[in-house]
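>>> Sequence first, predicted coordinates after that:
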Amino acid sequence: MSCLAERGWAGSTVTVVAERAGVSRGAAQHHFPTREDLFTAAVEYVAEERSTALRALFPQGAANRRAVIGALVDLYTGPLFRAALHLWVAASNEDQLGTRVTELEGRVGRETHRIAVELLGADESVPGVRETVQGLLDMARGLGLANLLTDDATRRRRVVAQWAALLDSALDGAFDSAPD
């Protein structure tokens with residue numbers, strides 16, 4: 001993942017990754033026959049680890065929505081997001097990779113949404129709540145993109161605070177009268 005985050009898709013060959021991992025190219029290719037296999041498996045593994053870690057941060061669920069929102073936003077500001085972004089860009093130009101990344105992103109996105117709903121204590125049977133939670137995740141991805149070029153931590157903290165206030169209002173029943 002660090003190779004992909006640092007070097008991008010073009011610079012992250014199986015040889016480069018094997019070298020960094022201290023294994024032979026043959027050993028790497030035995031387990032991952034193609035570069036697509038290697039990096040989609042790596043993204044999936046790290047995403048699962050991050051999901052487990054995120055749930056472990058809040059074992060009782062939504063005690064502090066601002067902290068949960070901050071943790072969700074943090075998912076999109078680290079090396080995993082940078083590596084995934086390189087995969088997305090490469091996938092937009094390579095059909096074989098595109099199919100795999102689209103499927104992987106769908107699974108990761110659904111799992112992230114489930115975790116967000118769980119940790120925020122959101123009731124998706126209330127009209128508008130599902131869309132509000134998804135809006136939070138889409139906003140978090142946008143903040144992650146903004147952070148790629150410059151350290152955006154100060155602005156990001158203000159945005160997280162505002163979203164926490166909005167979500168408190170939305171999740172505590174503001175959508176009760178919203179149309180279907």
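The structure has been received and is ready for your questions. Numbering: from 1, shown residues only.

>>> Helices of this protein, start to end?
Listed in chain order, the helices of the chain (DSSP state H) span 2-11, 14-21, 25-31, 35-57, 65-74, 79-91, 95-120, 129-147, 153-169.

>>> Point out where this structure drops to low pLDDT.
Applying pLDDT under 70 to the chain picks out residues 61-63, 173-180.

>>> where's residue 171 relative to residue 156, distance?
21 Å (Cβ to Cβ, to the nearest Å). C-betas here are computed from N, CA, C, even on glycine.

>>> cool, residue 168 as well?
From residue 168 to residue 156 the distance is 19 Å (Cβ to Cβ).

>>> Need the helices of the chain in JSON lines (columns: mean neighbour count).
As requested, those are exported to JSON lines (neighbours: other Cβ atoms under 10 Å):
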{"stretch": "helix 2-11", "mean neighbour count": "16"}
{"stretch": "helix 14-21", "mean neighbour count": "16"}
{"stretch": "helix 25-31", "mean neighbour count": "13"}
{"stretch": "helix 35-57", "mean neighbour count": "16"}
{"stretch": "helix 65-74", "mean neighbour count": "20"}
{"stretch": "helix 79-91", "mean neighbour count": "20"}
{"stretch": "helix 95-120", "mean neighbour count": "16"}
{"stretch": "helix 129-147", "mean neighbour count": "18"}
{"stretch": "helix 153-169", "mean neighbour count": "15"}
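
>>> so how far is stretch 99-119 from its chain's centroid?
With Cα atoms, centre = their mean, to the nearest Å as the basis, stretch 99-119 stands 8 Å off its chain's centre.

>>> Thanks a lot, catch you later.
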